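Peer 1: sequence below, structure please.
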Amino acid sequence: MTNTPCGGASIVIAPSILAADPCALGAAVGELEGSGATRLHVDIMDGRFVPNITFGFDTVSRLHALTALPLELHLMIVEPERHLERFAACGAAGITVHVEVSPHLHRTLQTIRELGCVAGAAVNPGTPETALFEVTDLLDCALVMTVNPGFGGQKFLPSMLGKVERLRQHFTDCSRTADIEVDGGITSDTAASAVAAGATTLVAGTSVFHHPEGAAAGVHALQESIVKAAEQHS
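Peer 2: Numbers count the residues shown, from 1 in each chain. Here you go, the predicted model:
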């Protein structure tokens, strides 16, 4: 799972399987093949850190068998460090944990890297981006939640764009190459502003899997909105 330099021209689309029909995950994943999606975002929720409960080890293993797309696991769970090794064994290419439930974040990110996975850390809307600064050297991905985590289909929080901009500047100042990922409310109306702020990866669920013409069309719509915005500002 390759990382895109901050400010790079190539924007990664990572569809969130959370928004797919849970009874037809195989078909949903198959529809993404050749769509331009770069990786598959898998939200793991435990009903404790967030109200919802979603996927577990077996689902991750099955998804890994179904698709060649790298799986990035977004662990919205308490005590994520207890499960890193097993999720890596299930086929995770990347693992992102939340600052809010990772008191030993430095050690956790080290472990993720030692397992051969891309290491990411996420911050909720109420958490400042500065919480990530002390682990800059271990971050392959900094994820900014642009909604409050736990459910799909929420509206994008524009106030989070400033956080994205400050993270981009921080990585630039540190001469670090890392993804800046945004997750929540990403549509063809909000994608361009996220990219302009410095996002290099867009996690999109509802706008992809609920697109009236199918998931592949949802990915294309996001890509087209980014290209159109870039042309208007060139």
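Peer 1: in the longest helix seen in the chain, what counts as buried?
Peer 2: When the chain is parsed with DSSP state H, its longest helix is helix 215-232. Using 16 or more other C-beta atoms under 10 Å as the burial criterion, the residues of helix 215-232 that qualify are 215, 216, 218, 219, 220, 221, 222, 223, 225, 226, 229. For the C-beta atoms, the positions are set from N, CA and C on the backbone; glycine is no exception.
Peer 1: likewise stretch 52-66?
Peer 2: Quick answer for stretch 52-66 (16+ other C-beta under 10 Å): 54, 55, 59, 60, 61, 62, 63, 64, 66.
Peer 1: out of those residues, which are inside helices?
Peer 2: Per DSSP H, the subset of these in helices is 59, 60, 61, 62, 63, 64, 66.
Peer 1: surely the last one is in contact with residue 31?
Peer 2: Read that as residue 66. No: between residue 66 and residue 31 there is no contact under C-beta atoms under 8 Å: 11.5 Å.
Peer 1: okay, now residue 98: neighbour count?
Peer 2: Residues lying near residue 98 (other C-beta atoms under 10 Å) number 24.
Peer 1: can you tell me the helix or strand for the residue nearest the centre of the chain?
Peer 2: In the chain, the centroid-proximal residue (C-alpha atoms, centre = their mean) is residue 203; its distance is 4.9 Å. Using DSSP states H and E, residue 203 sits within strand 201-204.
Peer 1: same question for residue 29.
Peer 2: helix 25-32.
Peer 1: CA-only coordinates of that helix in PDB, if you can.
Peer 2: The C-alpha coordinates for helix 25-32 follow below in PDB (Å, rounded to 0.1, in the frame of the first residue of the first chain):
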ATOM      1  CA  LEU A  25     -19.700  -7.700   0.300                       C
ATOM      2  CA  GLY A  26     -18.200  -9.900  -2.400                       C
ATOM      3  CA  ALA A  27     -20.200  -8.200  -5.200                       C
ATOM      4  CA  ALA A  28     -19.400  -4.800  -3.700                       C
ATOM      5  CA  VAL A  29     -15.700  -5.400  -3.700                       C
ATOM      6  CA  GLY A  30     -15.800  -6.900  -7.200                       C
ATOM      7  CA  GLU A  31     -17.400  -3.700  -8.500                       C
ATOM      8  CA  LEU A  32     -14.400  -1.700  -7.400                       C
END
